[in-house]
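Chemist: take a look and give me a structure for this.
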Amino acid sequence: MQIYLNKIKESWVVDRFKSEWYEFNEDISTNKINKADIVWLITPWLWRNVKKRNLKNKKVVCSIYHIDFEKFAFEDKKEFEERDSFVDLYHVISEKTKLQLQKLTNKEIISIPFWVNQNIWFPIEDKESLIKKYNLSSEKYYIGSFQRDTEGVDLKSPKLIKGPDRFIEILSSDYFAGKNIEVILTGKRRQYIISELEERKIPYKYFEMVDFDEINELYNILNLYIVSSRVEGGPQAILECGITNTPIISTDVGVASEILSPKSIIDMENYSDAKPDIDYAYKESQQFTIPEGFKRYREMFRKVNES
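Modeler: Numbers count the residues shown, from 1 in each chain. Next up, the predicted model:
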């Protein structure tokens with residue numbers, strides 16, 4: 001059994017997953033599609049880059065990360081149906097996406113969260129040294145957000161699917177009463193949140209270009225990470241927080257209810273009730289570390305190859 005993953009190169013998290021898959025599953029993977037038994041459309045939006053004869057002559061596994069039905073237009077449905085005709089099995093990374101996908105296809109769907117690489121994401125005990133390294137203060141209560149929050153079209157409009165308006169709402173509430181808060185941001189397209197923070201005079205530190213080592217260190221500095229999204233596939237930050245012992249609360253999106261304690265799920269009508277549970281998240285994240293996190297994937301591919 002040999003598996004080929006379709007090409008990406010979009011500087012997105014899936015690029016890392018593809019690289020890690022080939023690194024740790026070399027025995028069942030190939031970079032040459034003509035030698036593959038299975039084509040894994042790990043980036044389904046790029047499926048047309050794969051020649052149709054390869055999709056017809058091989059088993060096809062297609063990953064779907066989330067479906068935003070509010071933006072699911074006629075063209076999207078037509079595109080989905082055409083691609084669906086080639087798919088033998090669907091992979092999703094959360095049970096919520098599985099329920100969404102069942103409305104669109106009768107094909108088999110398997111839900112497996114992506115693995116988390118404990119060689120990249122891990123707890124660091126000496127937090128004081130990290131605080132000094134990044135010129136921060138031990139007197140502050142640090143709140144993290146490491147995802148894009150602004151649409152790419154105009155770099156001003158909020159990417160509402162990610163809930164940056166909700167993030168600001170929580171920050172501005174009594175949830176943090178008495179705490180000397182400061183927000184830590186990373187990554188590109190943070191214009192919306194930065195603008196809102198400045199308007200409300202909420203202090204922040206912005207580390208735009210950081211590598212994985214630095215992001216892991218920043219996780220370890222945080223007092224709290226907030227996922228405020230309306231729709232998500234993962235997000236992978238939930239597993240990364242879990243494995244680094246970073247306190248986290250999240251809206252009920254993606255894998256949140258599968259990894260986090262029920263008490264860590266944010267109800268936007270009463271978000272003051274949400275409390276992080278580090279031990280719970282760490283324990284649940286352990287099952288997805290490497291190599292354990294690959295086992296269910298390998299079983300999935302064996303199943304489709306033998307069907």
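Chemist: and residue 272, how far is that from residue 26?
Modeler: 49 Å (C-beta to C-beta, to the nearest Å). Placement of C-beta: from N, CA and C, glycine included.
Chemist: out of those two, which sits in the more crowded spot?
Modeler: residue 272 (13 against 9; other C-beta atoms under 10 Å).
Chemist: in the protein, where is pLDDT below threshold?
Modeler: Scanning the chain for pLDDT under 70 picks out 10-12, 70-71, 74.
Chemist: quick one, helices of it?
Modeler: 13-24, 52-57, 74-84, 95-101, 127-133, 164-171, 191-199, 212-221, 236-244, 256-259, 278-286, 295-306 (DSSP state H).
Chemist: buried residues in the fifth one, which are they?
Modeler: Buried residues in helix 127-133, counting neighbours by 16 or more other C-beta atoms under 10 Å, are found at 130, 131.
Chemist: helices or strands up against it?
Modeler: helix 212-221 (3 or more C-beta pairs under 8 Å, 6 or more residues apart in numbering; DSSP states H and E).
Chemist: settle this for me: residue 7 is touching residue 48, isn't it.
Modeler: No: using C-beta atoms under 8 Å, residue 7 is not in contact with residue 48; the gap is 11.7 Å.
Chemist: just the CA trace of stretch 130-143, in PDB.
Modeler: Output of stretch 130-143 as PDB, limited to C-alpha atoms (Å, rounded to 0.1, in the frame of the first residue of the first chain):
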ATOM      1  CA  LEU A 130      10.800  33.100  28.700                       C
ATOM      2  CA  ILE A 131       9.200  36.200  30.100                       C
ATOM      3  CA  LYS A 132      12.600  37.900  30.200                       C
ATOM      4  CA  LYS A 133      13.500  36.600  26.700                       C
ATOM      5  CA  TYR A 134      10.400  38.300  25.100                       C
ATOM      6  CA  ASN A 135      10.800  41.500  27.200                       C
ATOM      7  CA  LEU A 136       7.500  40.800  29.000                       C
ATOM      8  CA  SER A 137       6.400  41.200  32.700                       C
ATOM      9  CA  SER A 138       5.600  38.600  35.300                       C
ATOM     10  CA  GLU A 139       3.100  41.200  36.600                       C
ATOM     11  CA  LYS A 140       0.900  40.800  33.600                       C
ATOM     12  CA  TYR A 141      -1.900  38.300  32.800                       C
ATOM     13  CA  TYR A 142      -1.200  37.200  29.200                       C
ATOM     14  CA  ILE A 143      -4.000  36.200  26.800                       C
END
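Chemist: mind listing what's buried along it?
Modeler: Buried, per 16+ other C-beta under 10 Å, within stretch 130-143: 130, 131, 136, 140, 142, 143.
Chemist: cool, and stretch 269-280?
Modeler: 271, 274, 276, 277, 278, 280.
Chemist: figure out how far that stretch is from the centre of its chain.
Modeler: With C-alpha atoms, centre = their mean, to the nearest Å as the basis, stretch 269-280 stands 20 Å off its chain's centre.
Chemist: likewise for stretch 239-248?
Modeler: Computed by C-alpha atoms, centre = their mean, the chain-centroid distance of stretch 239-248 equals 13 Å.
Chemist: over to stretch 120-129?
Modeler: With C-alpha atoms, centre = their mean, you get 21 Å for stretch 120-129.
Chemist: buried residues, that stretch. List them.
Modeler: Buried residues in stretch 120-129 (16+ other C-beta under 10 Å): 120, 121.
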